[in-house]
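> any chance you can model this:
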Amino acid sequence: MLHTYHARIIFYNALLMVFLISILAYTHIYSRNVIIEEAEIYSLNLSNLLRSNIEMEKEKLLHYTGVVRDDLIIQEYMFITTEINGEKEALWSLYRRNFGWLPVQRTAFIANDGKAIIGDEHSDLIQVINARTDDASEGTFYFQGKENFERVTWARIYFQGAPRGIVALTHPLDRAWLERHRFFGGYYLLIDDSGRISLSNLPGAEGRQFQPDNGLITIDKRAYHVRAIPLGDTDEESNRLWLAISEQELLDKLAHNSDLILLLALVGGTAILITGLLIIRNFNRPLQQLMQITQAVADGELPKLQKSSETNEINALLNRFAEMLTALRSKQAEIERVHRKLEENAITDALTGLYNRRHLTDLFPKLLAQARRERKWLCGLLLDLDYFKRINDEHGHPAGDRCLTHAGELLRELSRASDYIFRIGGEEFLVLSINDSAEGALVLAEKIRRAFEVKECKTDDPVIPMTTSIGVSCAEAGYPAKQALSNLLSQTDKALYRAKALGRNRVVAFKEIEETTLS
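Alright, predicted model coming up:
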């Protein structure tokens with residue numbers, strides 16, 4: 001029936017107007033800037049609203065009492081009952097026939113001598129009426145009956161100018177009454193009976209001690225602000241009505257629902273609450289979701305959005321957003337894949353998958369700083385495949401490429417996770433290794449040399465034996481990173497040249513060359 005939001009808004013507004021006309025003067029709007037001190041404003045307004053409603057209910061009950069008192073037949077039957085000793089049942093039957101529809105809990109007719117004509121079973125009510133009535137013609141008060149806290153109204157019945165007795169009506173302030181006067185979540189009513197909560201619509205409150213401290217009580221470790229609701233002429237130290245506001249629920253509403261209109265309802269509160277929930281469900285949730293998604297996109301995120309099966313305008317828009325986000329995520333994933341591939345190609349060798357010389361320039365300063373920070377040695381192992389040109393000439397360049405790949409695999413297999421391997425040109429490879437001492441680099445170099453000697457390169461046809469010559473040196477302290485790298489490459493190159501000159505398939509440290517030169 002209502003498939004569009006335009007139609008729903010019209011329907012909900014029409015429904016709300018029926019209930020809101022009578023309570024517009026009592027509504028309050030609190031925004032996200034509302035702070036906890038405004039709870040006093042709400043509690044005061046709710047207190048005034050409740051007092052006004054209680055006063056209207058009291059006047060209505062007093063009016064009912066006056067209607068019974070002014071009934072001529074009631075007056076006549078009171079005269080017959082009290083002066084001529086007529087049957088009490090006749091008076092009671094007349095009352096039930098004419099006034100049985102009145103919304104009251106208990107009814108009592110009392111003679112001038114204070115004895116009950118009707119209502120003998122209500123001894124507590126008879127006793128308190130006799131104690132409270134004076135020469136006035138009518139009155140009202142509250143008291144704690146045997147079963148409920150009650151509002152009592154009474155009126156003196158006259159016949160032929162003389163008083164013939166009193167009629168009294170009561171209405172309970174029971175659980176149903178409390179629920180009818182509950183405004184919305186977080187606001188509760190308590191009835192205090194001499195320092196103990198005798199009745200409340202706050203779960204777990206009944207039977208608890210009631211001793212407010214600076215307007216606060218604590219029930220089940222939750223704090224509630226309380227405000228007394230005076231009941232007119234009730235005893236000052238007797239039962240009292242209190243409005244309790246959950247501090248936690250108030251904070252939650254201020255934090256999460258500061259932009260929602262909260263309506264204080266007396267008549268049709270339940271209907272307004274249901275309508276409000278419908279509005280939140282049908283309007284606020286998709287709009288908030290759309291706003292959050294829009295903000296996330298503006299912040300550079302691409303969150304997932306579930307498509308809706310509903311066919312209204314906003315859900316259609318949400319579905320378009322979901323499709324757009326899916327397409328954007330797909331494009332973003334593709335861009336990231338391409339970006340990662342470009343980054344990988346920029347720093348790695350296409351044939352062996354090892355780091356290239358460009359990445360060596362970028363990475364060396366970080367490794368040098370790490371070694372100096374940890375007080376360790378940053379050593380370089382410069383490798384050259386022995387007689388690699390002969391492999392290309394005899395077996396072809398594809399076999400030579402396979403030998404280079406085989407060399408890269410061996411270096412990855414023999415090196416530690418903290419070592420970095422580079423192909424810096426042709427058949428030359430460089431391993432950067434951080435060690436506790438320079439001897440650790442020599443041990444690693446010898447391990448690599450032996451592995452090359454043992455593990456031959458397997459190609460499609462022949463098995464090609466391979467050996468390698470290795471020059472080893474460590475970065476010198478006190479030099480900037482750029483100069484230290486240049487010196488390290490120069491020293492390892494000299495050590496490698498020395499290894500080749502000595503017959504290849506061997507490890508030579510630059511330190512050995514220096515010692516030989518000095519000697």
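> okay, CA-based contacts and neighbour counts for the rest of this
Noted.
> burial of residue 69, as a residue count?
The number of residues packed near residue 69 is 22, by other Cα atoms under 10 Å.
> residues touching the nearest residue to residue 425 once chain neighbours are set aside, list them.
Nearest residue to residue 425, sequence neighbours excluded (Cα to Cα, 6 or more residues apart in numbering): residue 357, at 7.8 Å. Contacts for residue 357 were tallied using Cα atoms under 8 Å, 6 or more residues apart in numbering; they are 347, 422-425.
> what about those residues, which are in helices?
residue 347 (DSSP state H).
> would you mind checking the contacts of residue 357 for buried ones?
With burial judged by 16 or more other Cα atoms under 10 Å, the buried subset of these is 347, 422-424.
> distance of residue 139 from residue 387?
Counting by Cα to Cα, to the nearest Å, the gap from residue 139 to residue 387 is 122 Å.
> who's more crowded, these two?
The residue with more neighbours, out of residue 139 and residue 387, is residue 139; 17 against 13, by other Cα under 10 Å.
> name the SS class of the more buried one, please.
At residue 139 the chain is in strand, as set by DSSP: H, G, I helix; E, B strand; the rest coil.
> repeat for residue 328
helix.
> out of the contacts of residue 357, which is nearest to residue 394?
Ranked by distance to residue 394 (Cα to Cα), these are led by residue 425 at 21.0 Å.
> in the sheet, who's paired with the closest one?
In this entry, residue 425 is beta-bridged to residue 428, by DSSP bridges.
> how many residues are close by residue 351?
Counted with other Cα under 10 Å, residue 351 comes out at 12.
> make that residue 417, sorry
9.
> state the distance from it to residue 431.
Separation of residue 417 from residue 431 (Cα to Cα) stands at 12 Å.
> dump the buried ones among the contacts of residue 357 into TSV; add pLDDT as well.
Output for those, formatted as TSV (pLDDT from 0 to 100):
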residue	pLDDT
347	76
422	93
423	90
424	87
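> helix, strand or coil: sort out residue 128 for me.
Going by three-state DSSP: residue 128 is helix.
> can you give me the neighbour number for it?
16.
> show the model's pLDDT score for the residue nearest to residue 66 when sequence neighbours are not counted.
Nearest residue to residue 66 in three dimensions, chain neighbours excluded: residue 155, at 6.5 Å (Cα to Cα, 6+ apart). On pLDDT, residue 155 comes in at 91.
> correct me, but residue 155 touches residue 168?
Yes. Look at residue 155 against residue 168 with Cα atoms under 8 Å: they come within range, at 6.6 Å.
> what is in contact with those two at once?
residue 65.
> residue 231: helix or strand, and which one exactly?
Residue 231 belongs to no helix or strand when assigned by DSSP states H and E.
> dihedrals phi and psi, the closest residue to residue 408 other than its chain neighbours?
What sits nearest to residue 408 in space, not counting adjacent residues and going by Cα to Cα, 6+ apart, is residue 352, at 5.7 Å. When read as degrees, to the nearest 10, the backbone of residue 352 gives phi -100, psi -20.
> residue 352: what's it in contact with?
Residue 352 touches 404-405, 408-409, 423, counting by Cα under 8 Å, 6+ apart.
> quick one: the helices in the stretch 1-150 of the chain?
5-20, 39-70, 72-83, 88-99, 123-132 (DSSP state H, counting those that start in this stretch).
> and those, which is most packed in?
A comparison of the helices of the stretch 1-150 of the chain by mean neighbour count, using mean count of other Cα atoms under 10 Å, puts helix 72-83 on top with a mean of 19.
> could you pull up phi and psi at the residue nearest to residue 425?
phi -70, psi -30.
> ok but residue 165 is inside a strand, no?
Yes. Under three-state DSSP, residue 165 sits within a strand.
> report the separation between it and residue 505.
Relative to residue 505, and taking Cα to Cα, residue 165 is found at 130 Å.
> could you check which of the two has the larger neighbour count?
Between residue 165 and residue 505, counted using other Cα under 10 Å, the more crowded position is residue 165 (24 against 20).
> surely that one meets residue 159?
No. In this structure, residue 165 is not within contact of residue 159 by Cα under 8 Å, at 9.6 Å.
> which non-adjacent residue is nearest residue 438?
Per Cα to Cα, 6+ apart, closest to residue 438 is residue 377, 6.4 Å.
> kindly report the same for residue 378.
According to Cα to Cα, 6+ apart, the nearest residue to residue 378 is residue 434 (4.6 Å).
> could you list the low-pLDDT ranges of the stretch 251-400 of the chain?
251-290, 292, 297-318, 332-333, 335-336, 338-346 (pLDDT under 70).
> if we use 50, what do you get?
The stretch 251-400 of the chain contains residues with pLDDT under 50 at 258-265.
> pretty sure residue 449 contacts residue 499?
No. If you go by Cα under 8 Å, residue 449 and residue 499 don't touch, sitting 11.8 Å apart.
> need the residues touching each of these two.
469-470, 505-507.
> if we can go back for a sec, so which of the helices of the stretch 1-150 of the chain comes closest to residue 391?
helix 5-20 (78.6 Å).
> report the mean per-residue pLDDT for the closest one.
61.
> list the contacts of the residue lying closest to residue 47 once chain neighbours are set aside.
Once flanking residues are discounted, residue 47 sits nearest to residue 229: 6.1 Å by Cα to Cα, 6+ apart. Contacts for residue 229 were tallied using Cα under 8 Å, 6+ apart; they are 47, 50-51, 240-243.
> and the residue nearest to residue 116 when sequence neighbours are not counted, how close does it get to residue 95?
Spatially, and ignoring its direct neighbours in sequence, residue 116 is nearest to residue 110 (4.5 Å; Cα to Cα, 6+ apart). As for residue 110, its distance to residue 95 is 14 Å (criterion: Cα to Cα).
> all set, thanks.
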